[in-house]
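1. show me the folded form of this:
(2 chains)
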Amino acid sequence: KAGVTQTPRYLIKTRGQQVTLSCSPISGHRSVSWYQQTPGQGLQFLFEYFSETQRNKGNFPGRFSGRQFSNSRSEMNVSTLELGDSALYLCASSLRGARADTQYFGPGTRLTVL
Amino acid sequence: DQQVKQNSPSLSVQEGRISILNCDYTNSMFDYFLWYKKYPAEGPTFLISISSIKDKNEDGRFTVFLNKSAKHLSLHIVPSQPGDSAVYFCAPPGGSEKLVFGKGTKLTVNP
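-> Next up, the predicted model:
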């Protein structure tokens, strides 16, 4: 069974630009969560989608948004990039969600904002 | 406000010895705890979990202990192996489908 895949793996953008990251969950998984990892803050929850609906959202500004498609693939968008958005963005999938099932993480997308 | 604290950013042990990684939490509503391991350039992978109705869970070389009154968990790895060198995260599920991660402890096992 293929694991969680994320594209692209690396991305370099400049301040003010926008970026879209993609996540393909494990086949059959309906829950997709996004996390941001930075050296100072560790891993922080961004949002979770289940069956195309955002079910939970973390404490991030509105510049961070996401969506999920009918095939459970998810995209995350960050608009008006700031230097502080430089981070590793991780996607995790599970059958029903973090409280019910083990989450499986992708390798992440490393975003650098210059 | 950090709900999950891993106060040791790093730990170094000799191969064959015991590694003990600690985690403290503040939210008494947490009823389930997971440990994840993360290698560089990879996403975290699930290692072991414990429910709040237990005080110990063992899986091979890995044992997690839970002290609910102290709001404290510890992960024991015995014997430690060089391949265990990674960052370990304590991550209870918070409300509504999210994991609340500690900042992690980087374990280095020296041959």
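2. residue in chain B nearest to chain A?
-> Chain B approaches chain A most closely through B:Gly43 (3.0 Å), counting by Cβ to the nearest Cβ. C-beta coordinates here come from the backbone N, C-alpha and C atoms, glycine included.
3. now do the strands in chain B.
-> Using DSSP state E, the strands of chain B run over residues B:4-5, B:10-14, B:19-25, B:32-38, B:45-51, B:56-59, B:62-67, B:72-77, B:86-91, B:105-110.
4. tell me which strands the shortest one pairs with, and in which orientation.
-> Each strand that pairs with strand B:4-5, with its direction, by DSSP bridges: strand B:19-25 (antiparallel).
5. over to the last one?
-> Pairing partners of strand B:105-110, with direction, according to DSSP bridges: strand B:10-14 (parallel), strand B:86-91 (antiparallel).
6. could I get that strand in CSV with only the CA atoms?
-> Only the C-alpha atoms of strand B:105-110 are listed here, as CSV (Å, rounded to 0.1, in the frame of the first residue of the first chain):
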residue,chain,number,x,y,z
THR,B,105,13.6,15.2,22.2
LYS,B,106,16.5,14.4,19.9
LEU,B,107,18.0,11.0,20.9
THR,B,108,21.5,10.1,19.9
VAL,B,109,22.6,6.5,20.5
ASN,B,110,26.4,6.2,20.3
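7. show me how far that strand is from its chain's centre.
-> The chain centroid and the centroid of strand B:105-110 are separated by 13 Å under Cα atoms, centre = their mean, to the nearest Å.
8. ok, residues contacting that strand?
-> Outside strand B:105-110, the residues that touch it by Cβ atoms under 8 Å, 6 or more residues apart in numbering or on different chains are B:6, B:8-15, B:19, B:21-22, B:77, B:80-88.
9. can you turn the buried part of the residues you listed into a ChimeraX selection?
-> Restricted to buried positions by 16 or more other Cβ atoms under 10 Å in any protein chain shown, the ChimeraX selection for these reads:
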select /B:6,11,13,19,21,22,77,80,84,85,86,87,88
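10. quick one: pLDDT of residue 1?
-> Assuming you mean chain A. On pLDDT, A:Lys1 comes in at 65.
11. to clarify, I was referring to chain B.
-> You'll see B:Asp1 listed with a pLDDT of 63.
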